[in-house]
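K.L.:
Fold the following and give me the result.
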Amino acid sequence: MRTKQTIAKKLRVSDALIWDAISAVGRLDVWFPIIETCRINGQGKGAIRRMTVVDDGGEIEDTIEDVDTVKKKLVYQRLVTPLPVSSYRGTVEVMESFDGLGVIVWTVDFDSKPEDAQSLADFIRDAISDGIDGMEADLRERADKQRDS
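P.N.:
Numbering: from 1, shown residues only. The predicted structure is shown next:
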C-alpha cells in the first residue's frame, strides 16, 4: 500500500540556514534522537548516507537522488531500513515565510502492507517531527554562537 506522510513546520531560523543544513545531508545523528551515527560518502547527488539506529535498532542507508539549490529541495531514496517497507522515498523542501523565517516540508512516500501503513505513518511523523525540532535547536545554537563571536 502506498502511503504519504508530510510534516511541515516553521522554524525560528532563516530558510537559508535550514537549506544549508539540509543540503549538506549530514548531522541526522545530532538532530534525530533515534539516529546514533551518520556518515556521508560523497557530496550532493549520488552521495550515500549511512546511519545506525540507537539501541541496536538496525542500519539505514540513503542515496541522495537530487539536491536542487534553486528550489531548495532534496530527494533521497532509502535503500536499507529496519522498517517493514518495500520502498521509501523522502523529499525535503525549504521555503521562506512571509516574515523571513524558514519553513521546512518533509514528505515521505512509502510502500508497506496495508495493515502496517497507519502505524508506520505515525512512527515516521513522530520521528521526523523530533528530528526537525532537533535541527531547529542545533541551528539556533549555531547561529547564536556565530553572533556571539
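K.L.:
What sits closest to residue 13 if chain neighbours are left out?
P.N.:
residue 139 (4.7 Å; Cβ to Cβ, 6 or more residues apart in numbering). Every C-beta, even on glycine, is put in place using the N, C-alpha and C of the backbone.
K.L.:
and that neighbour, what does it touch?
P.N.:
Residue 139 makes contacts with 11, 13, 17, 18, 21, as judged by Cβ atoms under 8 Å, 6 or more residues apart in numbering.
K.L.:
Most neighbours of all these, which one?
P.N.:
residue 18 (24 neighbours; other Cβ atoms under 10 Å).
K.L.:
any idea how far residue 141 is from it?
P.N.:
14 Å (Cβ to Cβ, to the nearest Å).
K.L.:
Now for residue 103, how many residues are close by?
P.N.:
Quick note: residue 103 (other Cβ under 10 Å) scores 16 neighbours.
K.L.:
Could you give the bridge partners of it?
P.N.:
Beta bridges link residue 103 to residue 10, residue 95, judged by DSSP bridges.
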